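[1] sequence-free structure coming up:
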């Protein structure tokens, strides 16, 4: 099997609910100029075949980096520094709601408490 765009043409199809004779015209046009797979499909197959698999049992490429780099625990940069988006937790949502309440009711004590909580986290 070759990797050209002429492999595995999609089946010919005509839209339903057309006026009399239009479906036949569509099918004849498809016979005259056969449809092909989109180039992105071909490129994806070729790229998948060419991409080498990582060597999971080989030597590390980053010997100085801790194994916990990118994790929210342990040594190394956390998820934010590694560019990994963090999902908000229930505590984050509660702090946001309390901050809105503190701003609406002008509670300096609650704002100070929230600032202290976020500074420790």
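    Nice, thanks for sending it over. Owing to the predicted nature of the structure, the values given are computational and were not obtained by experimental measurement.

[2] Only C-alpha atoms from now on, for both contacts and neighbour counts.
    Noted.

[3] so the residue located most distally from the centre of the chain, which of the three states?
    Using C-alpha atoms, centre = their mean, the residue of the chain lying farthest from its centre is residue 20. It sits 44.8 Å away. Counting by DSSP: H, G, I helix; E, B strand; the rest coil, the backbone at residue 20 sits in coil.

[4] how about it, what does it touch?
    Neighbour list for residue 20: empty [criterion: C-alpha atoms under 8 Å, 6 or more residues apart in numbering].

[5] Tell me the confidence at it?
    Residue 20 carries a pLDDT value of 89.

[6] From residue 26, how far out is it?
    According to C-alpha to C-alpha, to the nearest Å, residue 20 stands 12 Å off from residue 26.

[7] what about residue 26, distance to residue 14?
    Residue 26 sits at a distance of 6 Å from residue 14 (criterion: C-alpha to C-alpha).

[8] Give me the distance from the helix ranked longest in the chain to the chain's centre.
    In the chain, with assignment by DSSP state H, the single longest helix is helix 90-104. Distance of helix 90-104 from the chain centroid (C-alpha atoms, centre = their mean, to the nearest Å) equals 29 Å.
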